[in-house]
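*Asks:* Need a 3D model of the following:
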Amino acid sequence: MERKFFGTDGVRDLANSGNMTPEFALNLGRAFIKFNHGKKIIIGSDTRLTGKMLEGALSSGISSEGADVYSAGIIPTPGVSFAIKYLHADGGAVISASHNPAEYNGIKFLGSDGCKLSDEEELEIENLLFHDESNNTSGNVGNIYDRHELVHAYARHIASFLNDDAVIDNTVFDCANGASAKSVPILVENTKFSRLNTKIISRDFNGLNINKNCGVMNMKNLTDYVVENKMSVGFAFDGDADRVLICDKHGRIIDGDIILWVIGRWLSKRKTKGSDKVVITVMSNMALETHFENEGIKTLRCPVGDRYVLETMRESGAALGGEQSGHIIATEFTGTGDGLCTAMLFLNAIHDLNEDISTLTDRFGRYPQRLTNLTLKKSRELVNMQAINEIVEEYNVKVSKGRIFIRTSGTEPLLRILVEAPEKSLVEELSEILASKLEKFC
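*Replies:* As a prediction, the model looks like this:
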């Protein structure tokens, strides 16, 4: 049975409309406790103006079912994951639309282990939506507590991962006017970064400028700053800071594939349990497989979404997994995608491997790759993927050393077309042809 409301990363919609109204959030909160049966729930949010509105409704739904709510305020998604374990809570919720513009918002749930729920668990919550209202009397409802200091505990926790010797002078952090705008300054204050030329940009959030011309959604903001100010390295986060992208001193982007390549070799050198396997998604560049193969590290592919990455990691015992988009999970340190944690591990790895950040993109040597997005004018469940795949198969024979991959987005109304091959001209040609042929299915 297909989920109706949950996508790849929770429920998401235009805020105050559709499936992201206060009324829906209240019902979602009730359904979550009917499913979770917990008594202690952490809630955090990013910086969107609609966050407090939705948090009030979600908290009301949760407390009406008898659970206490601990509000962490503005905190990254992985900060909520940390807080669940830190306070021994029964679960959590994050109010965020991640990389989407400010007019969107979303709600995603975490279990008592601090990890995102499975498809099956989200379906159970959907089946409990709109059931009878709570029969709890006033003496049985939960309380709501302000625990905004949790962001300090989270940031200090992440700071503890960073080795002093690995800190690089002239580092820039782009907070995307999002959740990391609260946690990055605390992290800097608690590390050697505070004694060096460290810059924090896109931190002046106003509720409406999250992800606007900054962060991972507009890397030019960071790359221009790095080049113009002669900085050494830059880190950019998305709205809820569960992913990170990096740029070198030349302003060239280091994506999740290269980050995995660096951290994967570092974990292998440290002989971390499970470091002989790395989980990547169907979107990762084929060059990554080749690099890991040369290091004796096996790669396993899974669907897009960091929770699918984690599921495959658990099944295989892999110590590391992630996405090209910058969601990285290293289970020794975190149970969910964590942009701040990844940045710290990347710096440790660079130092211990004696790497030169400015040469990484050249040495990685990725296959030419192009991602084309077609806007869907109907529900993704109504897209005829069988007919689309039949067309794709006709062209797959032309990329014997590459691949064509088509999927619908789980968070946006898009059909994504990925073409990858050794020759850039072939990638461009096939991308244009497929976009033209598949447009009718949208």
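
*Asks:* Contacts for stretch 254-261, please.
*Replies:* For stretch 254-261, the surrounding residues in contact (C-beta atoms under 8 Å, 6 or more residues apart in numbering) are 243-248, 278, 280, 284-285, 287-288, 291-292, 320-328, 342, 346, 357, 360-361, 364, 366. Any C-beta I mention is one placed from the backbone N, CA and C, and that applies to glycine too.

*Asks:* Show me how far that stretch is from its chain's centre.
*Replies:* Centroid separation between stretch 254-261 and its chain, computed with C-alpha atoms, centre = their mean, to the nearest Å, is 14 Å.

*Asks:* Now list the buried members of the contacts of stretch 254-261.
*Replies:* When neighbours are counted using 16 or more other C-beta atoms under 10 Å, the contacts of stretch 254-261 contain these buried positions: 243-248, 278, 280, 284-285, 287-288, 291-292, 320-328, 342, 346, 357, 360-361, 364, 366.

*Asks:* mind showing which ranges of the protein have poor pLDDT?
*Replies:* Counting by pLDDT under 70, the chain shows low-confidence ranges at 1, 132-139.

*Asks:* Output the contacting helices and strands for the one helix or strand Gly234 maps to.
*Replies:* Gly234 is part of strand 233-237, with elements assigned from DSSP states H and E. Judged by 3 or more C-beta pairs under 8 Å, 6 or more residues apart in numbering; DSSP states H and E, strand 233-237 is in contact with strand 171-174, helix 220-228, strand 244-248, helix 339-352.

*Asks:* In the sheet, which strands lie alongside that strand, parallel or antiparallel?
*Replies:* Strand partners for strand 233-237, identified by DSSP bridges, are recorded as strand 171-174 (parallel), strand 244-248 (antiparallel).

*Asks:* Report the angle between the longest one and helix 220-228.
*Replies:* To tie it back to what came earlier, the one meant is strand 244-248. Comparing the axes of strand 244-248 and helix 220-228 via axes from the mean of the first three to the mean of the last three C-alpha atoms, to 10 degrees yields an angle of 30 degrees.

*Asks:* Parallel or antiparallel, which strands does whatever helix or strand comes next after strand 244-248 pair with?
*Replies:* Secondary structure here is assigned by DSSP H and E; on that basis, the next helix or strand after strand 244-248 toward the C-terminus is strand 253-254. For strand 253-254, sheet partners with direction are given as strand 244-248 (antiparallel), following DSSP bridges.

*Asks:* Can you give the contact residues for the partner strand?
*Replies:* Contacting residues not belonging to strand 244-248 are listed as 216, 219, 222-223, 226, 233-237, 253-256, 258-259, 325-326, 328, 339-340, 342-343, 346, 357-358, 360-361 [C-beta under 8 Å, 6+ apart].

*Asks:* Hmm, Ser431 and Thr372 touching each other?
*Replies:* Yes: with the criterion set as C-beta atoms under 8 Å, Thr372 and Ser431 qualify as a contacting pair; they are 5.2 Å apart.

*Asks:* How far off centre is the host helix or strand of Leu123?
*Replies:* Using DSSP H and E, the secondary-structure element containing Leu123 is helix 119-128. Per C-alpha atoms, centre = their mean, the displacement of helix 119-128 from the mean C-alpha position of its chain is 21 Å.

*Asks:* Check stretch 65-76 too.
*Replies:* Stretch 65-76 sits 21 Å away from the centroid of its parent chain (C-alpha atoms, centre = their mean).

*Asks:* and it, how far apart are its ends?
*Replies:* Start to finish, the residues bounding stretch 65-76 are 26 Å apart (C-alpha to C-alpha, to the nearest Å).

*Asks:* What residues of that stretch count as buried?
*Replies:* Within stretch 65-76, the residues scored as buried using 16+ other C-beta under 10 Å are 65, 67-76.

*Asks:* Including secondary structure and distance to Gly264, could those go into CSV?
*Replies:* What follows is the buried residues of stretch 65-76, written out as CSV (DSSP: H, G, I helix; E, B strand; the rest coil; distance: C-beta to C-beta, whole Å):
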residue, secondary structure, distance to Gly264
Glu65, coil, 43
Ala67, coil, 39
Asp68, strand, 40
Val69, strand, 38
Tyr70, strand, 35
Ser71, strand, 37
Ala72, strand, 31
Gly73, strand, 34
Ile74, strand, 32
Ile75, coil, 28
Pro76, coil, 23
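
*Asks:* returning to what we had before: residues shared between the contacts of Thr372 and Ser431?
*Replies:* Shared contacts of Thr372 and Ser431, defined by C-beta under 8 Å, 6+ apart, comprise 417, 419.

*Asks:* quick one: what helix or strand has the residue lying closest to Glu439 once chain neighbours are set aside in it?
*Replies:* With sequence-adjacent residues excluded and distances taken as C-beta to C-beta, 6 or more residues apart in numbering, Glu439 is closest to Leu374, at 5.9 Å. For Leu374, the enclosing helix or strand under DSSP H and E is strand 369-375.

*Asks:* Do a quick rundown of the strands in the stretch 201-350 of the chain.
*Replies:* In the stretch 201-350 of the chain, strands defined by DSSP state E, counting those that start in this stretch lie at 233-237, 244-248, 253-254, 277-281, 298-302, 320-322, 328-330, listed in chain order.

*Asks:* Distance to Ile107 for these - can I get that in a markdown table?
*Replies:* Compiled in a markdown table, the strands of the stretch 201-350 of the chain are given as follows (distance: least, C-beta to C-beta, whole Å):
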| stretch | distance to Ile107 |
| --- | --- |
| strand 233-237 | 20 |
| strand 244-248 | 23 |
| strand 253-254 | 30 |
| strand 277-281 | 24 |
| strand 298-302 | 24 |
| strand 320-322 | 24 |
| strand 328-330 | 21 |
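
*Asks:* Nearest to Pro22, out of the ones you listed?
*Replies:* For Pro22, the closest of the strands of the stretch 201-350 of the chain is strand 233-237, at 27.8 Å, according to C-beta to C-beta.
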